[in-house]
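J.: Sequence and predicted structure below; questions after.
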Amino acid sequence: MSHPLRSIERMFADDGWDADSAAAEIARLERESRRLDAAKITLLDRVDRTRVYAADGHFSARVMMRLHGQLSGVEAAQRSRVMKCLRDLPEVQATYADGLIGNDQVRRIAQVWANPRVQ
């Protein structure tokens, strides 16, 4: 993955900046951002599966992520739900990791997945 700030620096430095360049950079940055978001969920999953949160004095991976990531309780809960959902839906996880779908779509899928009538 290239450094995300590269395109931001390019916007201000490149005299050849045009609509096509802007569109390409928007698409590239969005995909990289989605891949980074998926990596956060993968990290949460690894912390949860290995239970390293206990060594740090936390009750769960979700609590550890909330405290060290300075997240709201709602954000931590949403990430935890997505993590659990992606364990059951590897195709969605792979698509998310590739940056082809975003947080809103994955969170909606996880919301439906969490409904006991769907499972």
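T.: Cool, the structure landed. Please read all numbers here as calculations on a predicted model, not as lab measurements.
J.: for the helix or strand hosting residue 35, packing partners?
T.: Here residue 35 is covered by helix 19-50, with elements defined by DSSP states H and E. For helix 19-50, the elements it packs on are helix 5-13, helix 61-68, helix 73-88, helix 90-97, judged by 3 or more C-beta pairs under 8 Å, 6 or more residues apart in numbering; DSSP states H and E. Where C-beta positions appear, they are placed from N, C-alpha and C, glycine not excepted.
J.: Mind listing what's buried along the last one?
T.: By neighbour count with 16 or more other C-beta atoms under 10 Å, helix 90-97 contains the buried residues 92-93, 95-97.
J.: And for the third one?
T.: By neighbour count on 16+ other C-beta under 10 Å, the buried set for helix 73-88 is 76, 78-86.
J.: Format these as JSON lines; extra columns: pLDDT.
T.: Shown next, in JSON lines, are those (pLDDT from 0 to 100):
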{"residue": "76", "pLDDT": "95"}
{"residue": "78", "pLDDT": "95"}
{"residue": "79", "pLDDT": "96"}
{"residue": "80", "pLDDT": "96"}
{"residue": "81", "pLDDT": "96"}
{"residue": "82", "pLDDT": "97"}
{"residue": "83", "pLDDT": "97"}
{"residue": "84", "pLDDT": "96"}
{"residue": "85", "pLDDT": "96"}
{"residue": "86", "pLDDT": "97"}
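J.: how close does residue 97 get to residue 73?
T.: Separation of residue 97 from residue 73 (C-beta to C-beta, to the nearest Å): 26 Å.
J.: What of residue 39?
T.: Taking C-beta to C-beta, one finds residue 39 at 22 Å from residue 73.
J.: how many other residues sit next to residue 27?
T.: If you count neighbours by other C-beta atoms under 10 Å, residue 27 ends up with 11.
J.: Noted, bye for now.
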